[in-house]
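S.K.: Show me the folded form of this:
(4 chains)
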There are 4 protein chains.
Amino acid sequence: MDVDSKYFKNISSRERVIFEGAITMGALFHQFVGTPVTVESAATLEKSIKHAMELQPCIMEVEVKIDREMLEDSKSEFDYVSLSGEMMNIKVVSKYNDKRAVLRMEFIEELNYPLMYVEKVD
Amino acid sequence: MDVDSKYFKNISSRERVIFEGAITMGALFHQFVGTPVTVESAATLEKSIKHAMELQPCIMEVEVKIDREMLEDSKSEFDYVSLSGEMMNIKVVSKYNDKRAVLRMEFIEELNYPLMYVEKVD
Amino acid sequence: MDVDSKYFKNISSRERVIFEGAITMGALFHQFVGTPVTVESAATLEKSIKHAMELQPCIMEVEVKIDREMLEDSKSEFDYVSLSGEMMNIKVVSKYNDKRAVLRMEFIEELNYPLMYVEKVD
Amino acid sequence: MDVDSKYFKNISSRERVIFEGAITMGALFHQFVGTPVTVESAATLEKSIKHAMELQPCIMEVEVKIDREMLEDSKSEFDYVSLSGEMMNIKVVSKYNDKRAVLRMEFIEELNYPLMYVEKVD
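M.R.: Numbers count the residues shown, from 1 in each chain, chains lettered A, B, ... in the order given. Sure, this is the predicted structure:
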């Protein structure tokens, strides 16, 4: 089956990279929030989130940075924390045909919200 | 802060509804896959998924149909199953300014994949 | 297959109810943390968590209370929050043969941790 | 605060290791089911699950084996699959005082169910 011509002919390549990048943003957040994490385990977790989410359709690159300072500050009696949206800075790059989108998620203090947005499409 | 003019001025209203709808699709899938479910509990779960995901930015309506036949067929010794992508049929409607997108997720046998796509934008 | 005599003959009924209750506690937390929630949607979410987790082996009753005050206080610009461990008060009752366990999860300020423990077994 | 004497004095060390091991089993399953995975990414995912879940109280060791053959067989058009319970073989070792429990999760064909059980306590 030609998936693209059957299911995606009603949107442009530019819209497609926005679409696929956004799916991956939402997926990443809701798959991994809640995972136990520390300063020591953060690098392994970042790498496995990257490898998992780069498998999704049209995704070229995923980068996740977990805020080490927040990990230290919110540590419990049991020395680890549950990963939450405000600890993560995420970059997702999607590509389709000649279009490429860079999407971001970062915690915006003023909104008290981990905002996802499109940084650029070219 | 005017979030829209600060973070979303580089994409059109049409792109925005695709973006927000797609985030919710990815989020819904990865939040709820794995949840224990039966024919009896399916309606409550569908309703709570709907209520949760309609909270996200620009989302007007979410409908989830969990396939009752698959629930019966894949039942284990313990009489329930873990919710999976192939059991769900999802519709997400997003709206921003004068634009409205309808997104779908359905399991496509031929692809062996729960495909997410944009049904229409108007 | 007689599951109990094959897989569980090495633990007592008292240990079995602790085992099954604890699985459900861990499962509940990690399945639902991250779900979007508001004061308005909290009751539906509590009910669907209850219905889902009561399906697990040996589980008689699950009660989840989501702290409405915390929902209000941690609201973002977009008027909802991601469910987190500190917002939940959970009771799980498990039963096997003549034994019955009551397990709890509650956020303990002093530990900065949502502690799971066995309240009683009888 | 002495957590143990305040919250855990009503259960034995043997019961405690069963309790903590079982929480981690339930948590692991419901945190990671749904994650995109391939033969190539499986080792990174196994390692990050291990590192995350070994952070939980009383957990000494976690081992996860994702079935490579099932990954190949259930591959979709998009060359990856969503991690599911039947693909995982899990070992959790918990320790408290002089007691040590080994818990297992494996998919039992005959039950059509990923069964969690206590392999031994000593």
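S.K.: Find the nearest non-adjacent residue to the spatially most central residue of chain A, please.
M.R.: For chain A, residue A:25 is the residue whose C-alpha lies nearest the centre (C-alpha atoms, centre = their mean; 4.1 Å). Distances taken as C-beta to C-beta, 6 or more residues apart in numbering or on different chains put residue A:116 closest to residue A:25, at 4.8 Å, once the chain neighbours are dropped. Every C-beta, even on glycine, is put in place using the N, C-alpha and C of the backbone.
S.K.: who are the neighbours in contact with the residue nearest to the centre of chain A?
M.R.: By C-beta atoms under 8 Å, 6 or more residues apart in numbering or on different chains, the contact list for residue A:25 reads A:90, A:92, A:103, A:105, A:116, B:23, B:26.
S.K.: Which one of the residues in chain A is closest to chain D?
M.R.: Of all residues in chain A, residue A:48 sits closest to chain D, at 3.5 Å by C-beta to the nearest C-beta.
S.K.: so that residue is in which element?
M.R.: Using DSSP states H and E, residue A:48 sits within helix A:42-53.
S.K.: other SSEs contacting that helix?
M.R.: helix A:13-32, strand A:59-66, strand D:36-37, helix D:42-53 (3 or more C-beta pairs under 8 Å, 6 or more residues apart in numbering or on different chains; DSSP states H and E).
S.K.: Does the helix or strand that comes right after the second one reach chain C?
M.R.: To tie it back to what came earlier, the one meant is strand A:59-66. Using DSSP H and E, the helix or strand that directly follows strand A:59-66 along the chain is helix A:68-73. No: if you take C-beta under 8 Å from any C-beta of the partner chain as the test, helix A:68-73 misses chain C, and the best it gets is 10.3 Å.
S.K.: Now tell me what touches helix A:68-73 from outside.
M.R.: By C-beta under 8 Å, 6+ apart, the residues outside helix A:68-73 that reach it are A:37-39, A:42, A:81, A:86-87.
S.K.: quick check, nearest of those to residue C:74?
M.R.: residue A:86 (10.6 Å; C-beta to C-beta).
S.K.: For that closest one, which non-adjacent residue is spatially closest?
M.R.: Nearest one to residue A:86, counting by C-beta to C-beta, 6+ apart, is residue A:107 at 4.2 Å.
S.K.: How about residue A:121?
M.R.: The nearest residue in space to residue A:121 (C-beta to C-beta, 6+ apart) is residue A:101, at 4.5 Å.
S.K.: cool, and residue A:114?
M.R.: Using C-beta to C-beta, 6+ apart, the nearest residue to residue A:114 is residue A:85, at 3.6 Å.
S.K.: Now do the one you found against residue A:52, distance only.
M.R.: Between residue A:85 and residue A:52 the computed distance is 17 Å (C-beta to C-beta, to the nearest Å).
S.K.: ok, now residue A:5?
M.R.: 28 Å.
S.K.: Compare these two (neighbour count), which wins?
M.R.: Between residue A:5 and residue A:52, residue A:52 has the larger neighbour count (other C-beta atoms under 10 Å in any protein chain shown), namely 27 against 8.
S.K.: The more buried one reaches residue D:41, doesn't it?
M.R.: Yes: judged on C-beta atoms under 8 Å, residue A:52 makes contact with residue D:41 at a distance of 6.2 Å.
S.K.: What's the mean pLDDT across stretch A:46-66?
M.R.: Across stretch A:46-66, pLDDT averages out at 98.
S.K.: Which positions in it come out as buried?
M.R.: The neighbour-count check on stretch A:46-66 (16 or more other C-beta atoms under 10 Å in any protein chain shown) flags A:46-59, A:62, A:64, A:66 as buried.
S.K.: on that earlier part again, how about JSON lines for the contacts of helix A:68-73, with distance to residue D:18 added?
M.R.: JSON lines is the format used below for the contacts of helix A:68-73 (distance: C-beta to C-beta, whole Å):
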{"residue": "A:37", "distance to residue D:18": "25"}
{"residue": "A:38", "distance to residue D:18": "25"}
{"residue": "A:39", "distance to residue D:18": "30"}
{"residue": "A:42", "distance to residue D:18": "30"}
{"residue": "A:81", "distance to residue D:18": "25"}
{"residue": "A:86", "distance to residue D:18": "35"}
{"residue": "A:87", "distance to residue D:18": "32"}
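S.K.: how about a markdown table for the residues you listed, with neighbour count added?
M.R.: Shown next, in a markdown table, are the contacts of helix A:68-73 (neighbours: other C-beta atoms under 10 Å in any protein chain shown):
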| residue | neighbour count |
| --- | --- |
| A:37 | 24 |
| A:38 | 18 |
| A:39 | 14 |
| A:42 | 19 |
| A:81 | 23 |
| A:86 | 17 |
| A:87 | 22 |
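S.K.: Out of these, flag the one nearest to residue C:122.
M.R.: Nearest to residue C:122 among the contacts of helix A:68-73, counting by C-beta to C-beta, is residue A:81 at 34.6 Å.
S.K.: Not counting sequence-adjacent ones, nearest residue to the closest one?
M.R.: Nearest residue to residue A:81, sequence neighbours excluded (C-beta to C-beta, 6+ apart): residue A:74, at 4.9 Å.
S.K.: Tell me if I'm right that that neighbour and residue C:112 touch.
M.R.: Yes: look at residue A:74 against residue C:112 with C-beta under 8 Å: they come within range, at 7.3 Å.
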